[in-house]
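Colleague: Generate coordinates for the sequence data below:
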Amino acid sequence: MAFSGIEQPELRITFDTNLRFRTDELDLRLGSHGAPLLRPGEVLMEIKIPGVCPMWLSRLLSDTGAFPTSFSKIGHCYKNSILRETATNDKEGSDCA
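Modeller: As a prediction, this is how the structure comes out:
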C-alpha cells in the first residue's frame, strides 16, 4: 500500500508485506516465488519526506514508539541468506584435508 500527503504530496508512506527474494530463476516472468524477507506478521513501513517531518507525523510516530532507522532490503537479503550460505559452505569445506 502506498499513501501520499494531501497537503504535502511529496510525503509518501508505504507499507510492504510479503516481501520475497531469490538467488536463482531471476527472470520475473517465471513467477513470484522466493524466500520471505520478513518474519510472519511483520510489515515494513517506509516514510519518504523531502525535508522536515510534519509535527503531526512526528507526534504519531513518537506516540507509537516508531523511530527512524535505516533498512536495506538488498542488504537484509545478503546478510540473512547469501552471507549465511557462504559461511555454511566455508564450514563444510574446512573438514576436507
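
Colleague: for the record, mean pLDDT for stretch 45-58?
Modeller: Average pLDDT, stretch 45-58: 89.

Colleague: can you tell me which residues contact the residue nearest to the spatial centre of the chain?
Modeller: Geometric centre of the chain, nearest residue: residue 73, 4.0 Å, by Cα atoms, centre = their mean. Residues counted as contacts of residue 73 (Cβ atoms under 8 Å, 6 or more residues apart in numbering) are 19, 21, 37, 44. Yep, even glycine has a C-beta here, placed from its N, CA and C like the rest.

Colleague: what's the burial count for the third one?
Modeller: One way to gauge burial is a neighbour count; for residue 37, by other Cβ atoms under 10 Å, it gives 18.

Colleague: show me what contacts the closest residue to it other than its chain neighbours?
Modeller: Excluding the flanking residues, the one nearest residue 37 by Cβ to Cβ, 6 or more residues apart in numbering is residue 19, at 3.9 Å. Going by Cβ under 8 Å, 6+ apart, residue 19 touches 36, 37, 38, 44, 73.

Colleague: and the gap between the last one and residue 42?
Modeller: In this case it means residue 73. Applying Cβ to Cβ, to the nearest Å, the value for residue 73 to residue 42 is 13 Å.

Colleague: and what of the first one?
Modeller: From residue 36 over to residue 42 the distance is 9 Å, taken as Cβ to Cβ.

Colleague: so where is this structure shaky, pLDDT-wise?
Modeller: 82-97 (pLDDT under 70).

Colleague: so what's the backbone phi/psi at the closest residue to residue 10 other than its chain neighbours?
Modeller: Closest residue to residue 10 apart from its sequence neighbours, by Cβ to Cβ, 6+ apart: residue 50 at 4.9 Å. Per-residue torsions, residue 50: phi -80, psi 100 (degrees, to the nearest 10).
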